[in-house]
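1. output the structure for:
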Amino acid sequence: MASWISMDEACRLLGVQPQTIYAYVSRGKLEVAPDPADARRSLYRAEDVAGLARRKQAGRKHETLAANTLFGSEPSIPTALCAFFRGHPYYRGEDAVGLSRTANLEHVAQLLWEAEQPVDFSCASAMRSGAPGRVAAFTALAGLAATGHSTRGRLTRVLHAEGQALVGQVANAFGAQPGHGPLHLRFAQGWKQSPEVAELLRTAMVLLVDHELTSSAFVARIAASTGASLPACLLAGLTTLSGPLHGDASGRVQALFGEVERLGDDQVVAHYLSTGLPLAGFGHHLYPEGDPRAAALLALFEPPEVIARFIQKVTRLTGLQPNIDVALAALVANHRLPADAAFGLFATARSVGLLAHSLEQLGVAQVIRPRGRYVGPMPDVAQHARAQASSAV
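-> Residues are numbered from 1 along each chain as shown. Okay, here's the model as predicted:
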């Protein structure tokens, strides 16, 4: 390789525009010299260009690794809360589906939080402004987040007590009957449902408690890593959960069920399949053989006939199994629960998991701070340096 190369060759080797070469020169990363054959042109030290090319390639590999870690399927944060084995989610090594047969939300909270004492969600304030639903829940949490204390320097048992009150507050905001007793019974009382339906609510909430490092869990952990208060961590997680591509996916399924009830399953299925539109609630990238949470819940009740027929038809024609969002929406439809009940159950149950992630993150003395990869226009550093030099004269 020659000791000096032209601008065109330097741009080709680095894959950049001339203004970037000028920026490298201004920052002292690239040595420049006049071209002996043409005083109007410059030459650039080939060794400097080669070094920049090597560092750039290494940077690309690092960026690729970082992007794959952040957006890929492999978790980048160690956790002992939830993992997937043989197509089933496990909470601290216990099969979530197996737990859902007998455990209640309080039992799973004690397991995930590693609480020394039994968990009781009855200690929350019974106050609620306005109608039950997510507005009441988010409003209550926002007020608590604005006045909450940092998690730093506080004993774990104190944080457990605060977490119990927060979950109870969320449940009350979604319509659970204030008072004592397990949350699934208080939800049934608040929604005027039978003890048999209460058992279905218990099963559903246990199945929904956690699902490894979801986007909402990641956000809650980011907030926790900064020392934010527990209500702030929970609010951060729940607002993320509220997205239609996450915890409010059952709302999209409810809308789909509404189409089925108005138009009939044949017409709805034909429309979606002929246009290539995805059918909300069918298939799950973590469960290619079917979501075991949905199977466990759907096995406990018979959905309305038109919905059951629709689920069977979609499964037969697409090969995709219903996921937990379908099961949750079918449960709401079957027992005519409040319009926001599906999200209320999900948000209440997942509050336990979000708080577990927040508490686990407190053991890591480091703020979660991903790096950005700038892809915008490059600033004219050379011009800025000349302007500074001129102003100094």
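
2. and Ala176, how far is that from Arg152?
-> Relative to Arg152, Ala176 is positioned 31 Å away (CB to CB, to the nearest Å). Placement of C-beta: from N, CA and C, glycine included.

3. who are the contact partners of the residue nearest to Ala249 when sequence neighbours are not counted?
-> In space, and not counting its chain neighbours, Ala249 is closest to Asp325: 4.3 Å by CB to CB, 6 or more residues apart in numbering. Asp325 makes contacts with Ala249, Ser250, Arg252, Val253, Ala280, Gly281, as judged by CB atoms under 8 Å, 6 or more residues apart in numbering.

4. count of neighbours near the fourth one?
-> I take that to be Val253. 27 (other CB atoms under 10 Å).

5. and the helix or strand containing it, which residues are buried?
-> Element membership for Val253 (DSSP states H and E) is helix 249-263. The neighbour-count check on helix 249-263 (16 or more other CB atoms under 10 Å) flags Ala249, Ser250, Gly251, Arg252, Val253, Gln254, Leu256, Phe257, Val260 as buried.

6. and stretch 175-189, by the same measure?
-> For stretch 175-189, by 16+ other CB under 10 Å, it's 175-178, 181-189.

7. next one: stretch 288-307
-> Gly290, Asp291, Pro292, Arg293, Ala294, Ala295, Ala296, Leu297, Leu298, Phe301, Pro303, Ile307.

8. okay if I get these as CSV plus pLDDT?
-> Shown next, in CSV, are the buried residues of stretch 288-307 (pLDDT from 0 to 100):
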residue, pLDDT
Gly290, 95
Asp291, 97
Pro292, 97
Arg293, 98
Ala294, 98
Ala295, 98
Ala296, 98
Leu297, 98
Leu298, 98
Phe301, 97
Pro303, 96
Ile307, 96
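
9. just checking, which of those residues belong to helices?
-> Pro292, Arg293, Ala294, Ala295, Ala296, Leu297, Leu298, Ile307 (DSSP state H).

10. do a quick rundown of the helices in the stretch 51-200 of the chain.
-> 96-100, 105-113, 134-147, 156-173, 183-190, 195-208 (DSSP state H, counting those that start in this stretch).

11. just to be sure, Ala39 is in a strand?
-> Yes: counting by DSSP: H, G, I helix; E, B strand; the rest coil, Ala39 falls inside a strand.

12. roughly how far does it sit from Ser26?
-> 21 Å.

13. next one: Gly251
-> For Gly251 relative to Ser26 (CB to CB), the value is 54 Å.

14. could you do Glu261 as well?
-> Taking CB to CB, one finds Glu261 at 67 Å from Ser26.

15. rewinding a little: give me the next element, helix or strand, following the helix holding Val253.
-> helix 265-275.

16. and that next one, which residues are buried?
-> Asp265, Val268, Val269, Tyr272.

17. what of stretch 111-127?
-> Going by 16+ other CB under 10 Å, stretch 111-127 has these buried residues: Leu111, Leu112, Trp113, Ala115, Val119, Asp120, Phe121, Ser122, Ala124.
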